[in-house]
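Chemist: Okay, structure incoming, though there's no sequence with it:
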């Protein structure tokens, strides 16, 4: 069985489409699955939308993505864990490639990302640079990361001292116990950070890491790009 784990904090705007896409992909592939939404201190209709989307809801009050994902993994019963961000749309081709990679001996991996429009050119260039580096290093993006439950337990899950880059740390750890793959298939994820933040703000975490070193990743206030309040996508649908 596959356990889809969706961490969510105030994601009423996008969560419904994400869950619908997961269900459609899983049904098309014809797999047994469960859908878990970990609602982390939401103050909107996230939990209600999750339940309406046939998901089991786990409520936590961490406001830390690593701990939130780990909570979902602890509740999961599948032998394959697939972490999907609440603003990410998957499809059956990506899911089929995921299952095939695990059957062929990989312990984990990720998919390549496509960002929705509109996005400023500067943000697209930044995303392309980061994506290329992650592809070469075989680091999975948090928007879509999969691994066997056995390997996840073996490496201790996501590092709960981190407020960002926890998916990179997990990817590195998984790569030490088995083969990590980045499949060529893609998922569609939101470019809302580029629509709600300026160019300097998008680059700010890099500057903070250069200034303070890895300790910056352990400070929520310095990782405000991920923990700030600008979550609503201004894009008109």
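Modeler: Now that the structure is in, tell me what you want to look at. Note that the structure is a prediction, hence the values are computed from the model and not measured.
Chemist: any weak-confidence spans in this protein?
Modeler: Under the criterion pLDDT under 70, the flagged ranges of the chain are 199, 203, 210, 230-231, 235-237.
Chemist: Try it again at 90.
Modeler: Per-residue confidence for the chain (pLDDT under 90) gives these ranges: 115-138, 163-164, 190-237.
Chemist: Which residue ranges of it form strands?
Modeler: For the chain, strands defined by DSSP state E occupy the ranges 2-8, 33-40, 56-60, 80-84, 88-89, 106-115, 144-148, 179-189.
Chemist: okay if I get the ones you listed as TSV plus distance to residue 197 and mean neighbour count?
Modeler: C-beta here means a position set from N, CA and C on the backbone, and glycine is covered the same way. TSV is the format used below for the strands of the chain (distance: least, Cβ to Cβ, whole Å; neighbours: other Cβ atoms under 10 Å):
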stretch	distance to residue 197	mean neighbour count
strand 2-8	20	26
strand 33-40	21	23
strand 56-60	26	17
strand 80-84	22	25
strand 88-89	18	24
strand 106-115	14	22
strand 144-148	22	26
strand 179-189	16	19
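Chemist: In contact with residue 54, which residues?
Modeler: 19, 23, 35 (Cβ atoms under 8 Å, 6 or more residues apart in numbering).
Chemist: do you know how far it is from residue 6?
Modeler: Note on residue 54: its distance to residue 6, by Cβ to Cβ, to the nearest Å, is 12 Å.
Chemist: shared neighbours, those two?
Modeler: When Cβ under 8 Å, 6+ apart defines a contact, the residues bordering residue 54 and residue 6 alike are 19, 35.
Chemist: any chance you could map the helices in this protein?
Modeler: Applying DSSP state H to the chain gives helices spanning 15-29, 46-52, 65-75, 92-103, 121-137, 149-155, 166-177, 192-196, 199-212, 224-227.
Chemist: Mind checking those helices for the one nearest to residue 186?
Modeler: When the helices of the chain are compared for distance to residue 186 using Cβ to Cβ, the nearest one is helix 92-103, at 6.7 Å.
Chemist: same for that closest one, what does it pack against?
Modeler: For helix 92-103, the packing partners by 3 or more Cβ pairs under 8 Å, 6 or more residues apart in numbering; DSSP states H and E come out as helix 15-29, strand 80-84, strand 106-115, strand 144-148, strand 179-189.
Chemist: Contacts only, for the nearest residue to residue 124 once chain neighbours are set aside.
Modeler: If the residues on either side of it in the chain are set aside, residue 124 comes closest to residue 115, at 7.1 Å by Cβ to Cβ, 6 or more residues apart in numbering. Contacts for residue 115 were tallied using Cβ under 8 Å, 6+ apart; they are 124, 127, 188-191, 194.
Chemist: sorry, back to before: let me have the helices of the chain in TSV, extended by distance to residue 84.
Modeler: Putting those into TSV (distance: least, Cβ to Cβ, whole Å) gives the following:
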stretch	distance to residue 84
helix 15-29	6
helix 46-52	13
helix 65-75	10
helix 92-103	10
helix 121-137	17
helix 149-155	15
helix 166-177	12
helix 192-196	16
helix 199-212	23
helix 224-227	17
